[in-house]
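**Q** Okay, here's the prediction I keep looking at, along with the sequence it came from:
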Amino acid sequence: MTTKSEPLEPGSLLYDPATRRVGEYQDRSGPYAMLRPVGGGREWQADPAALRPATDRERLSASVHAVNVRTRAVPPDPDDLSRPPRPVPGCAACGRLAGLRDAARTAHDRSAETDANVLLRKHQRQEHRA
């Protein structure tokens with residue numbers, strides 16, 4: 001159980017007993033904690049007092065589930081702005097821009113992450129379109 005003296009950190013993996021799911025802590029919204037599924041997806045509200053850190057087993061299970069969902073998914077449309085662009089294998093510029101995006105994501109800098117996605121899409125349209 002989390003307490004008021006124990007602040008929640010963005011990116012922490014927490015177990016929500018109400019939904020019996022592991023989620024990545026995003027932020028607070030009024031009296032609720034906002035959680036997002038591991039690997040991305042639709043956020044949900046949770047009671048912060050009921051949340052607890054996910055166990056190693058729960059973390060692994062949530063990660064495996066996210067990978068399975070991702071591998072079954074239809075390949076994204078390159079013009080679909082709802083998903084981040086994937087770097088083209090072997091392209092140094094794509095790799096550099098994806099690295100900038102990953103660093104911004106790690107720093108929880110959503111603005112810089114979006115900027116890197118825009119630059120990566122622009123590069124791909126200019127250099128990788130047939």
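**A** Thanks, I have it. The structure displayed is predicted, hence computed values, not measured ones.

**Q** give me the number of residues near Val64?
**A** 12 (other C-beta atoms under 10 Å). No exception for glycine: its C-beta is placed from N, CA and C like everyone else's.

**Q** just to confirm, which helix or strand has it in it?
**A** Val64 is part of helix 56-72 when elements are defined by DSSP states H and E.

**Q** can you list contacts of that helix?
**A** Leu13, Tyr15, Arg21, Val22, Pro37, Val38, Gly39, Gly40, Ala54 (C-beta atoms under 8 Å, 6 or more residues apart in numbering).

**Q** how near is the nearest residue to the fifth one once chain neighbours are set aside to His123?
**A** In space, and not counting its chain neighbours, Pro37 is closest to Gly23: 6.0 Å by C-beta to C-beta, 6 or more residues apart in numbering. According to C-beta to C-beta, to the nearest Å, Gly23 and His123 sit 33 Å apart.

**Q** ok, these two, which is more surrounded?
**A** Between Gly23 and His123, counted using other C-beta under 10 Å, Gly23 has the larger neighbour count: 24 against 18.
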